[in-house]
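Engineer: Okay, predicted coordinates and the sequence, questions at the end:
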Amino acid sequence: MLSDPVLTSRREDGRDIPLLVWRARRPLRAVSSAPLGGGIGVRRWVLNATVPMSYDREDPAAHLVDMARRLDLDGPGVGLLTGVDVGEMLTRTDTGVRVWATVGLGTPIPAAAPTAPAVAVQRVGTVNIVAWVPARLGDAALVNAVATATEAKAQAIADLGLPGTGTPTDAVTVLCPPTGPVSAYGGPRSDWGGPLARAVHAAVLAVGTGTVVPWSDRLRV
């Protein structure tokens with residue numbers, strides 16, 4: 001099981017900047033499109049860090065490694081960045097699937113839109129989705145789960161009436177147990193893809209409609 005994250009902060013450029021940390025009790029299988037720890041493999045932790053909207057570092061993975069080192073995070077993990085306050089994270093659960101989302105939709109774009117200068121300048125904003133599925137997913141199912149979460153996010157954005165399918169820097173991370181019977185499918189009509197889609201859709205839609213209880217109202221450490 002992946003427990004709720006801890007909300008903490010780091011000192012950077014003279015400011016206390018929030019970040020969320022998930023520590024797994026045991027190594028988990030994961031798939032991610034994050035700048036640190038992307039791909040498929042075993043991961044021990046997840047980090048979701050707020051950065052300024054002007055963020056333009058060319059070494060985001062190294063930046064995340066430094067954050068992880070300061071937090072004494074050992075072994076391989078996943079590192080995400082976002083321009084929004086991660087204290088405003090929202091979580092949703094459906095049939096054992098758990099989703100945590102930080103949602104910045106200030107600059108939504110259609111995925112197939114031609115690149116425009118205004119889009120190229122916007123480096124962060126970002127919808128970051130972290131999901132826990134309580135069954136071991138095969139490699140293809142993990143990849144399919146990323147697609148399912150992305151489809152659900154795009155559906156929520158459409159339901160909000162926004163002119164886009166996401167932002168240029170969105171990322172998805174899906175984690176599951178490393179042992180047990182293998183589930184071969186992660187699509188939206190599969191046993192685990194269906195709950196994943198509903199939980200992602202509910203989380204993104206709730207943020208967009210303003211029905212969020214900020215995570216920062218909970219215990220800070």
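Structural biologist: Alright, I've got the coordinates. Predicted model only: the values in this text are computed from it and were never measured.

Engineer: Any buried residues in the longest helix along the chain, and which?
Structural biologist: Assignment by DSSP state H gives helix 139-159 as the longest helix of the chain. For helix 139-159, a neighbour-count test (16 or more other C-beta atoms under 10 Å) marks 141-142, 144-146, 148-157 as buried. (Each C-beta comes from the backbone N, C-alpha and C, glycine too.)

Engineer: What sits closest to Gln35 if chain neighbours are left out?
Structural biologist: Just to correct that, residue 35 is Pro rather than Gln. Pro60 (4.3 Å; C-beta to C-beta, 6 or more residues apart in numbering).

Engineer: quick one: the one you found from Asp85, how far?
Structural biologist: Distance, Pro60 to Asp85, by C-beta to C-beta, to the nearest Å: 18 Å.

Engineer: Tell me how far stretch 169-181 lies from the chain's centre.
Structural biologist: 11 Å (C-alpha atoms, centre = their mean, to the nearest Å).

Engineer: Look at that stretch and report the distance between its end residues.
Structural biologist: 34 Å (C-alpha to C-alpha, to the nearest Å).

Engineer: Quick check: buried residues in that stretch?
Structural biologist: Thr169, Asp170, Ala171, Val172, Thr173, Val174, Leu175, Cys176, Pro177.

Engineer: export the residues you listed to JSON lines and tack on secondary structure?
Structural biologist: Converted to JSON lines, the buried residues of stretch 169-181 look like this (DSSP: H, G, I helix; E, B strand; the rest coil):
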{"residue": "Thr169", "secondary structure": "coil"}
{"residue": "Asp170", "secondary structure": "coil"}
{"residue": "Ala171", "secondary structure": "strand"}
{"residue": "Val172", "secondary structure": "strand"}
{"residue": "Thr173", "secondary structure": "strand"}
{"residue": "Val174", "secondary structure": "strand"}
{"residue": "Leu175", "secondary structure": "strand"}
{"residue": "Cys176", "secondary structure": "strand"}
{"residue": "Pro177", "secondary structure": "coil"}
